[in-house]
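S.K.: okay, sequence plus prediction incoming.
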Amino acid sequence: MPIATANTVTRLLKLATTITAAIFVAVACNTAPTPKDTRASDEAAIRAASKAWSDATQAKDLDKAMSFYADNAVQMADQGPLISDDATLRAGWQKMFSLPGPGLSFQTSGVDVAKSGDIAYEYGAYDFAVSDSSGTVNDQKGKYVVIWTKQADGTWKAAVDIDNTDARPPATAPQPVAHPASKRHKHR
Amino acid sequence: MELSFKRLLLPATLAVAFVTQGCGTETLKDTRAADEVAIRQQSMAWSNAAQSRNMDKALTFYAPDAIALPDGGPIATSQDAISAEWQPLLSNKDATLSWKTTAVTVAKSSDIAYEYGAYTLDTTGKDGKISTRTGKYVLVWKKQPDGSWKVAIDTDNSDAPPAPAPPAHPAHHAAAKKHRRHH
């Protein structure tokens, strides 16, 4: 075989291998797509949802307030048992909304989203303002953590909801008649 | 033709390299099952450290930028503040805290996970009687650069209001890990 012909064959083989390499790369890229970093927009969505939730709470809009929970959400109300069913969860909120006074509001302090954009957490501070029998509004302040999960439709919902109070009244103080087993309740 | 194979070596190697590296992008390995096991072990080791009142050990489970939101106390955003929250409980030989994981969920990207569970605080009164207080907690775990999981968020609350304390026996409050005596 003449040298020139051998070189030509080599070049052709080299070209073919390069093309094959390019195809492999293209296929590899298609089968393992680069995960998009959606954390900034996820955080904005969660902050907006939390704000809308607080607004619904201030408006004592039960249906709206409940709409922020994911299916199978777990609520850990302060000074109450763990709640994992919708009916009990709703009953707790309803009880809280029935109390006189401005009610509950809360504000986000921080949000952090997983790189994969499926789980995030939020923490913040709440203010629970309830009027007593004389009409005086008493504020109870506390903090909360909400675990948010991205739903199939792309919205974020609360999967876990826990709160506690910043300061305890003395244990010897008269206890309230009823404890709304709900998010961020007042307890004296 | 021997020469030809040598010339083919570079493009062929590149092809293999590209495919195994997944075009240089992050390969998505699902490590969630292993991460969950690691977190459950960490949580148990942490509970054991708390139970044995090992303050130094207990504090090693927090990430450098951890935030604690203790029941009945202000938010703690520094290591010193978190340490101060633990101090009264772990220096009290009459109080013993332990907890148990209920569930752990890890993000697909395995950088963030959350855990929730139940705690028990046993307190021995002056009369020798043990009173038990139970509550619940949520932890957010974050994977550290060395691959270990540390706590970024730590919060808890009690299952029931504190029982009114008889005057002779001050009630111990499970400010969960953060024990408070009030009277």
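M.R.: Sure thing, it's come through.
S.K.: can you pull the contacts of the residue nearest in space to the middle of chain B?
M.R.: The structure's chain B has its C-alpha centroid closest to residue B:151; by Cα atoms, centre = their mean the separation is 4.1 Å. Listed by Cβ atoms under 8 Å, 6 or more residues apart in numbering or on different chains, the contact set of residue B:151 reads B:46, B:61-63, B:66, B:139-142. For glycine as for every other residue, the C-beta is placed from the backbone atoms N, C-alpha and C.
S.K.: so where do the strands sit in the chain?
M.R.: Just going to use chain A. Taking DSSP state E as the criterion, chain A contains strands spanning A:69-76, A:82-83, A:103-113, A:119-131, A:137-150, A:156-165.
S.K.: hmm, I had chain B in mind actually
M.R.: Here chain B has its strands, by DSSP E, at B:62-69, B:95-106, B:112-124, B:130-143, B:149-158, B:172-175, B:178-181.
S.K.: by mean pLDDT, show me the worst of those.
M.R.: Least confidently modelled of these is strand B:172-175, at a mean of 41 by mean pLDDT.
S.K.: counting neighbours, what do you get for residue A:129?
M.R.: Look at residue A:129: counted by other Cβ atoms under 10 Å in any protein chain shown, it has 17 neighbours.
S.K.: and for the one 3 residues further on?
M.R.: By other Cβ under 10 Å, 11 other residues sit near residue A:132.
S.K.: what's the separation between the residue positioned nearest the centre of chain A and residue A:160?
M.R.: Note on chain A: the residue nearest the mean C-alpha position is residue A:148, at 1.9 Å, using Cα atoms, centre = their mean. When Cβ to Cβ, to the nearest Å is applied, the distance between residue A:148 and residue A:160 equals 9 Å.
S.K.: ok, now residue B:48?
M.R.: 24 Å.
S.K.: quick one: which of the two has more around it?
M.R.: Looking at residue B:48 and residue A:160 with other Cβ under 10 Å, you find the greater number of neighbours at residue A:160, namely 23 against 13.
S.K.: hang on, isn't that one packed against residue A:70?
M.R.: No: the pair formed by residue A:160 and residue A:70 falls short of the contact definition of Cβ atoms under 8 Å, at 9.0 Å.
S.K.: not counting its neighbours along the chain, what's nearest residue B:153?
M.R.: For residue B:153, the nearest residue in space outside its immediate sequence neighbours is residue B:140; the separation is 3.7 Å by Cβ to Cβ, 6 or more residues apart in numbering or on different chains.
S.K.: is stretch A:110-127 anywhere near chain B?
M.R.: Yes: in terms of Cβ under 8 Å from any Cβ of the partner chain, part of stretch A:110-127 sits within range of chain B, namely A:110, A:112-116, A:118-121, A:123, A:125.
S.K.: span of that stretch from start to end?
M.R.: Across stretch A:110-127, the terminal residues are separated by 17 Å (Cα to Cα, to the nearest Å).
S.K.: which of the residues in it are buried?
M.R.: Neighbour counts using 16 or more other Cβ atoms under 10 Å in any protein chain shown place A:111-127 of stretch A:110-127 among the buried residues.
S.K.: buried residues in stretch B:61-78?
M.R.: By neighbour count with 16+ other Cβ under 10 Å, stretch B:61-78 contains the buried residues B:61-63, B:66-73, B:75-76.
S.K.: what's the end-to-end length of that stretch?
M.R.: With Cα to Cα as the measure, the first residue of stretch B:61-78 is 14 Å from its last.
S.K.: quick one: distance of that stretch to the chain centre.
M.R.: Per Cα atoms, centre = their mean, to the nearest Å, the displacement of stretch B:61-78 from the mean C-alpha position of its chain is 11 Å.
S.K.: give the contact list for the closest residue to residue B:107 other than its chain neighbours.
M.R.: Distance criterion Cβ to Cβ, 6+ apart; nearest residue to residue B:107, sequence neighbours excluded, is residue A:114 at 3.2 Å. For residue A:114, the set of contacting residues under the criterion of Cβ under 8 Å, 6+ apart consists of A:120, B:107-109, B:111-112.
S.K.: now for those: which two are most distant?
M.R.: Largest separation among those by Cβ to Cβ: A:120 and B:108, giving 12.5 Å.
S.K.: number of nearby residues for residue B:83?
M.R.: Residues near residue B:83, counting by other Cβ under 10 Å, number 17.
S.K.: wait, isn't it in contact with residue B:60?
M.R.: No: with the criterion set as Cβ under 8 Å, residue B:83 and residue B:60 do not qualify as a contacting pair; they are 11.5 Å apart.
S.K.: wait, doesn't the residue nearest to residue B:153 sit right on residue A:119?
M.R.: No: here residue B:140 lies out of contact with residue A:119, judged by Cβ under 8 Å, at a distance of 9.3 Å.
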